[in-house]
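Enquirer: With the input below, show me the fold.
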Amino acid sequence: MSNLKAIKRESTSSGANNKLRSEGLIPAILYGGKDANKNISVEKKDLKNLVNSDTFLSKVLELDIDGKKEKVIPRDVEFHVVSEEPIHIDFMRIVAGKKIILEIPVKFINHPDSPGLKRGGVLNIVRRKVELKCPAENIPNEITIDLAGTDIGTSIKISSVKLEGNVVPTITDRDFVIATVASPTVMKEPEKPSESEATAEGAEGEAPVEGAEAASKDGDATKKDEKSKEGADKKTEDKKPAEKK
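Expert: Below you'll find the model as predicted:
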């Protein structure tokens, strides 16, 4: 459990909040339970890594407010539209015996031990978070799913997940799917021939068009010459005088 120091803040005006942010503090509010709401601020540097984690909004923290410690859970974070830095946080008190509905992130382990993934299968994640109803004193940080032994076609449902006592999914009317191990969907394209192979294919095939036309023209010219010669020889024979008997 992470511990955070918090400071009470008297003013809630925009000017006062902006001043706190310039000093490296994040304005926040603490609510819930029988105690009154408290306006507080926390150090940005203490929250930097926590805020960016997937488990932040389901993580139990301990706030130290002027020496008084309270277990809380973050319920909402407001970010700056440009810098994306956290500018306000809502914390809720954890009251023993009460149940809280939270979205808990799913974590997959033992990928190398999955026969389906080894054979080129794909882990198709249907739900990255699952909404659970948890006792305030028993909130899981994450839902762990072991992929060891899963083959292509395996469907991982909520019924196969081990949940702690009194932790139940909010969806109760069906055994919903969290992930599947699916067949690979990417088809391998045939390799394109290299330039040398393409040139070789052209040489073995038909003659280029220009060469074919040239050969055709040469053949036609030869035929014309032969016909002209035959015609001249015939005329010469016709002009010869008849032999005297």
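Enquirer: quick one: low-confidence parts of the protein?
Expert: 1, 186-245 (pLDDT under 70).
Enquirer: give me that answer again for 50
Expert: Along the chain, segments meeting pLDDT under 50 span 187, 203-217, 229, 232-245.
Enquirer: Now do the helices in the protein.
Expert: Taking DSSP state H as the criterion, the chain carries its helices at 14-22, 44-51, 115-118, 195-204, 209-239.
Enquirer: Next one: residue 99 relative to residue 137, how far apart?
Expert: Going from residue 99 to residue 137 by C-beta to C-beta, to the nearest Å gives 10 Å. No exception for glycine: its C-beta is placed from N, CA and C like everyone else's.
Enquirer: Could you do residue 171 as well?
Expert: 23 Å.
Enquirer: Look up how far residue 177 lies from residue 119.
Expert: Where residue 177 is concerned, residue 119 sits at a distance of 21 Å (C-beta to C-beta).
Enquirer: Same question for residue 58.
Expert: 21 Å.
Enquirer: Of the two, which one has the most company?
Expert: Higher neighbour count among residue 58 and residue 177: residue 58, with 22 against 13, using other C-beta atoms under 10 Å.
Enquirer: The more buried one contacts residue 105, doesn't it?
Expert: Yes. Between residue 58 and residue 105 there is a contact at 7.1 Å, judged by C-beta atoms under 8 Å.
Enquirer: what sits against the closest residue to residue 21 other than its chain neighbours?
Expert: Leaving out its chain neighbours, the residue that sits closest to residue 21 by C-beta to C-beta, 6 or more residues apart in numbering is residue 87, at 6.4 Å. Residues in contact with residue 87 (C-beta atoms under 8 Å, 6 or more residues apart in numbering) are 21, 26, 27, 78, 79, 80.
Enquirer: Just grab the bridge partners of the fifth one for me.
Expert: Beta-bridge pairing of residue 79, defined through DSSP bridges, involves residue 86.
Enquirer: and it, what does it touch?
Expert: 85, 86, 87.
Enquirer: measure the second one to residue 60 for me?
Expert: I take that to be residue 86. From residue 86 over to residue 60 (counting by C-beta to C-beta), the distance is 19 Å.
Enquirer: Which one of these two is surrounded by more residues?
Expert: residue 86 (22 against 16).
Enquirer: dump the residue contacts of the more buried one.
Expert: Residues in contact with residue 86 (C-beta under 8 Å, 6+ apart) are 26, 44, 47, 51, 77, 78, 79, 80.
Enquirer: How many neighbouring residues does the third one have?
Expert: One way to gauge burial is a neighbour count; for residue 47, by other C-beta under 10 Å, it gives 20.
Enquirer: So it is in contact with residue 3, correct?
Expert: No. Counting by C-beta under 8 Å, residue 47 sits too far from residue 3 to count as a contact (11.8 Å).
Enquirer: contacts for stretch 11-29?
Expert: Outside stretch 11-29, the residues that touch it by C-beta under 8 Å, 6+ apart are 6-7, 9, 37-45, 47, 86-91.
Enquirer: Name only those of those residues that count as buried.
Expert: Using 16 or more other C-beta atoms under 10 Å as the burial test, the contacts of stretch 11-29 include 6, 9, 38-42, 44, 47, 86-91 as buried.
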